[in-house]
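Colleague: when you get a sec, could you give me coordinates for this:
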Amino acid sequence: MNPVLVSALSAATLLFLPCISAHAADPAPRGPYGIGLEGFAYPYPVGLLPLNNDGEQVRMAYMDVSPAQPNGRTVVLLHGRNFPSSYWAPVIRTLNTAGYRVVVPDQIGFGKSSKPASDLHFDTLARNTIALLDHLQVAKADIVAHSLGGMLGVRIARAYPDRVGHLLLAAPIGLEDYRLYVPPTPTEKILENEDKLTADGYRKQLETNYSLKLPPEQVTPFIDARFNIKGGSEYPRWLRAFVNSAQMIYREPVVHEIPLVSQPTLFIMGADDHNAPGKPNAPEALRPKMGQNAELAKALAAKMPDASAEVIPNAGHLVFLDEPLRFNELMLGFLAK
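Modeller: Numbering: from 1, shown residues only. Next comes the predicted model:
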């Protein structure tokens with residue numbers, strides 16, 4: 001096997017290994033991760049693209065992973081809000097094996113990319129993603145997008161229709177307008193609440209909101225990626241960017257645009273995924289109406305010119321990790337059409 005591929009696979013595998021028992025050996029003290037997740041390993045080499053967002057100089061991190069036997073097509077993977085793009089490692093391997101070049105950005109404000117001082121906007125993230133494709137000389141790509149990435153994928157498909165072939169939305173959020181249920185929350189209040197959250201509280205939050213099916217040790221790297229930043233000097237800047245992304249989700253709905261998407265579209269939903277950002281802040285009487293994501297996806301697909309929805313039983317919000325065999329089957333079949 002190609003030694004580069006072996007190295008990449010090994011690095012990707014490490015991301016999902018169980019944590020070693022503390023009784024085995026006392027690990028050396030680990031410093032906090034940097035604001036760009038310095039110290040947190042990604043499964044493939046990371047490049048940095050300089051950009052200007054609203055007058056601020058930023059750098060967009062990305063992985064560009066070529067297959068051993070190219071089929072001439074490129075897939076862009078768009079991550080969710082609560083995860084580094086490294087969580088796409090199994091999907092990258094699957095797509096590479098099928099011949100796809102895979103481009104995996106960290107959006108500005110997330111992962112190893114810059115954390116801007118200004119507000120985040122889907123239009124800006126969409127322009128950044130197209131700038132990355134221009135930089136990599138990719139004229140047209142398919143998009144596979146998860147969670148918040150699904151909202152961004154819709155905006156890219158609408159704003160740059162000639163650049164997108166297929167759109168696969170894996171457990172996307174934004175299938176409803178959260179402003180209809182949740183009152184606006186001041187940024188300072190969200191900052192206060194997020195700063196109080198502990199690693200254990202965050203794990204419970206993920207288990208509740210995402211209906212996690214993964215073993216605890218597989219979730220630990222995601223929790224580390226967030227909470228090991230907290231000891232660093234730039235944590236306040238990271239926290240504000242993280243909170244700004246929550247406000248972007250609330251203030252910039254895409255559900256009204258989804259029926260207008262013209263590209264072939266596939267929703268892959270977890271049957272147990274009832275994630276709805278801001279749900280705890282909604283009036284109690286409205287909460288049960290939120291997060292009916294599988295049904296929302298089917299209803300939206302029926303309004304679109306070329307769309308369908310598949311619901312995977314026993315899967316939650318991390319559908320591509322919960323049921324990888326079924327997800328991969330659906331993904332590869334859809335992209336091959």
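Colleague: list the helices and strands the one helix or strand Lys204 maps to packs on?
Modeller: When elements are defined using DSSP states H and E, Lys204 is found to belong to helix 199-210. Helices and strands in packing contact with helix 199-210 are listed as helix 216-227; criterion 3 or more C-beta pairs under 8 Å, 6 or more residues apart in numbering; DSSP states H and E. C-beta coordinates here come from the backbone N, C-alpha and C atoms, glycine included.
Colleague: now do the helix it packs on against helix 199-210, angle only.
Modeller: For helix 216-227 and helix 199-210, the angle between their directions (axes from the mean of the first three to the mean of the last three C-alpha atoms, to 10 degrees) works out to 110 degrees.
Colleague: give me the distance from helix 216-227 to the chain's centre.
Modeller: The offset between the C-alpha centroid of helix 216-227 and the centroid of the whole chain comes to 15 Å, using C-alpha atoms, centre = their mean, to the nearest Å.
Colleague: now stretch 127-136
Modeller: For stretch 127-136, the gap between its own C-alpha mean and the chain's C-alpha mean amounts to 18 Å (C-alpha atoms, centre = their mean).
Colleague: residue contacts, Arg158?
Modeller: When contacts are counted by C-beta atoms under 8 Å, 6 or more residues apart in numbering, Arg158 touches 257, 260-261.
Colleague: count of neighbours near Leu95?
Modeller: By the measure other C-beta atoms under 10 Å, the count of residues near Leu95 is 27.
Colleague: shouldn't it be within a helix?
Modeller: Yes - the assignment for Leu95 (DSSP: H, G, I helix; E, B strand; the rest coil) places it in a helix.
Colleague: am I right that Arg155 is in contact with Val254?
Modeller: Yes - taking C-beta atoms under 8 Å as the contact criterion, Arg155 and Val254 are neighbours in contact, 6.0 Å apart.
Colleague: so Val311, which of the three states?
Modeller: Here Val311 takes the strand state, with states given by three-state DSSP.
Colleague: tell me the bridge partners for it.
Modeller: In this entry, Val311 is beta-bridged to Met269, by DSSP bridges.
Colleague: hang on, it packs against Asp273?
Modeller: No - Val311 is not in contact with Asp273 according to C-beta under 8 Å; the separation is 9.2 Å.
Colleague: give me the more crowded residue out of these two.
Modeller: Summary of the neighbour comparison: Val311 and Asp273, criterion other C-beta under 10 Å, with Asp273 having more neighbours (27 against 18).
Colleague: looking at that one now. What's its pLDDT?
Modeller: In the prediction, the pLDDT value recorded for Asp273 is 97.
Colleague: I'd guessed it sits against Ala315; true?
Modeller: Yes - counting by C-beta under 8 Å, Asp273 does reach Ala315; the two are 7.1 Å apart.
Colleague: OK, contacts around Val65?
Modeller: Applying C-beta under 8 Å, 6+ apart as the definition, the contact partners of Val65 turn out to be 8, 44, 92, 96, 101-104.
Colleague: mind listing which of those residues are in strands?
Modeller: Of the positions in the contacts of Val65, 101-104 sit in strands, assigned by DSSP state E.
Colleague: export the residues you listed as CSV, with columns for neighbour count and distance to Leu214.
Modeller: Output for those, formatted as CSV (neighbours: other C-beta atoms under 10 Å; distance: C-beta to C-beta, whole Å):
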residue, neighbour count, distance to Leu214
Arg101, 20, 28
Val102, 23, 22
Val103, 23, 25
Val104, 28, 20
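Colleague: any weak-confidence spans in the chain?
Modeller: Judged by pLDDT under 70, the chain has its weakly predicted residues at 1-30.
Colleague: what's the burial count for Leu321?
Modeller: The number of residues near Leu321, taken as other C-beta under 10 Å, comes to 23.
Colleague: how deep is the closest residue to it other than its chain neighbours tucked in, by neighbour count?
Modeller: Distance criterion C-beta to C-beta, 6 or more residues apart in numbering; nearest residue to Leu321, sequence neighbours excluded, is Leu214 at 6.0 Å. The tally of other residues near Leu214 (other C-beta under 10 Å) stands at 17.
Colleague: how about Leu214, secondary structure?
Modeller: Three-state call for Leu214 (three-state DSSP): coil.
Colleague: skipping adjacent residues, who's closest to Pro259 in space?
Modeller: With sequence-adjacent residues excluded and distances taken as C-beta to C-beta, 6+ apart, Pro259 is closest to Lys303, at 4.1 Å.
Colleague: the one you found: neighbouring residues, count only.
Modeller: 11.
Colleague: now it: how far from Ala171?
Modeller: Using C-beta to C-beta, to the nearest Å, we find Lys303 at a distance of 19 Å from Ala171.
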